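Participant: Got a sequence here, can you model it:
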Amino acid sequence: MPSLIDLRRRIRSVKNTQQITKAMKVVSAAKLRRAQDRVLAARPYAQSIRRMLANVIQAVGEGHEAEGLEFLIKRPEKRVQLLVITADRGLAGAFNSNVIRTAQKFIQDNSGAEVQLELIGRKGRDFFRKRHRHITGDYSTIFQKVVRYEDALEIAQKVTERFKKGEIDAVYMVLNNFKSLMASRLVVSRLLPLEPPEKQEQIDYIYEQPPGVLLERLLPRYIEAQIYRALLESAAAEHAARMTAMEAASTNAAEVIDSLTLKMNRVRQASITREIIEIVSGAAALD
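Facilitator: Numbering: from 1, shown residues only. Presented below is the predicted three-dimensional model:
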């Protein structure tokens, strides 16, 4: 049985850990509020540009100008680019491991193709750096600060140029989408080639340029918006996951403290009882 001093040390250690987890929960809660505001602000723009894209594609007309647009051309997927979006830090429950596991499954399901990884986040980079040979780049500092549109722009320009040059045949993303404080949704989505949005009631725009030229300009902006939104969604989901994990850790620490305190009281009670018995025995021996 551990001694009274050992139990006190363990209780003090767990209390210190609990203070850290509580502080991390407060920090994550503050960051989550700001990240959630950015996600909610970005969603309407992404939805609007998607609606606009659908209307312009309908204006271009099926089987006419749209056939020559590079981002809509489907090729046999022999070389696939996968954007793996993880966090830069851990202590967020299964946030990173779920993304990495899904990326591994994607690689296995597409074993007939050459899957090239673009790693966004330090955790994904550290995992795949020694396990996958086809890594085209990594971005390990994006989430150490507020996500900027310039970060998404850099990634979008890189993958679109590679797609236009024929170096890759398709681009996919795997990430955690922010759903709520208690849950996130793991998503695998295709970025390129673009799947034209479903037909909808067409808005009668007045075009200053031919619709085909407008569509050619609009498609890269759409890809940039999708990547930017994905980065914001992942950042918000990370803070929510870390907040939940730290809350669970604080609760578990409280339970451990209660259990250790009970053991300490029992050891102290046994020690006091033993001392009383020794005193009584010594007094009886003197008589």
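
Participant: Could you tell me the per-residue confidence at the most centrally placed residue in the chain?
Facilitator: The residue lying closest to the centre of the chain (Cα atoms, centre = their mean) is residue 234, at 3.9 Å. If you check residue 234, the pLDDT there is 89.

Participant: so it makes contact with residue 85?
Facilitator: Yes: between residue 234 and residue 85 there is a contact under Cβ atoms under 8 Å: 4.7 Å. Backbone N, C-alpha and C define where each C-beta goes, glycine included.

Participant: joint contacts of the two?
Facilitator: 121, 175, 176 (Cβ atoms under 8 Å, 6 or more residues apart in numbering).

Participant: How many neighbouring residues does the first one have?
Facilitator: Here the neighbour count serves as a burial measure; for residue 121 (other Cβ atoms under 10 Å) it reads 28.

Participant: Touching, it and residue 89? I think so.
Facilitator: No: look at residue 121 against residue 89 with Cβ under 8 Å: they stay out of range, at 9.2 Å.

Participant: on that earlier part again, can you tell me which of the shared contacts of residue 234 and residue 85 is closest to residue 70?
Facilitator: residue 175 (24.7 Å; Cβ to Cβ).

Participant: And for the closest one, nearest residue in space, chain neighbours not counted?
Facilitator: Nearest non-adjacent residue to residue 175, counting by Cβ to Cβ, 6 or more residues apart in numbering: residue 85, 3.9 Å away.

Participant: Need the pLDDT of the one you found.
Facilitator: 91.

Participant: got a list of what it touches?
Facilitator: Contacts for residue 85 (Cβ under 8 Å, 6+ apart) come out as 99, 120, 121, 124, 173, 174, 175, 176, 230, 231, 234.

Participant: From the residues you listed, pick the one nearest residue 18.
Facilitator: residue 176 (26.8 Å).

Participant: what are the ranges of the helices in the stretch 151-287 of the chain?
Facilitator: Along the stretch 151-287 of the chain, the stretches classed as helices by DSSP state H, counting those that start in this stretch are 211-286.

Participant: In it, where is pLDDT below threshold?
Facilitator: Within the stretch 151-287 of the chain, the stretches with pLDDT under 70 are 183, 196-207, 209-211, 283, 286-287.

Participant: all strands for the chain, in order.
Facilitator: With DSSP state E as the criterion, the chain has strands at 79-85, 114-120, 135-139, 170-178, 184-192.

Participant: got the angle for the first one vs helix 211-286?
Facilitator: Comparing the axes of strand 79-85 and helix 211-286 via axes from the mean of the first three to the mean of the last three Cα atoms, to 10 degrees yields an angle of 50 degrees.

Participant: now strand 79-85, how far from the centre of its chain.
Facilitator: 15 Å (Cα atoms, centre = their mean, to the nearest Å).

Participant: list the contacts for residue 273?
Facilitator: Counting by Cβ under 8 Å, 6+ apart, residue 273 touches no other residue.

Participant: How much space separates the residue lying closest to residue 235 once chain neighbours are set aside from residue 259?
Facilitator: Nearest residue to residue 235, sequence neighbours excluded (Cβ to Cβ, 6+ apart): residue 35, at 5.0 Å. Using Cβ to Cβ, to the nearest Å, residue 35 is found at 36 Å from residue 259.

Participant: Which one's more surrounded, those two?
Facilitator: Between residue 35 and residue 259, residue 35 has the larger neighbour count (other Cβ under 10 Å), namely 24 against 12.

Participant: mind listing what the more buried one touches?
Facilitator: Applying Cβ under 8 Å, 6+ apart, the residues near residue 35 are 178, 232, 235, 236, 239.
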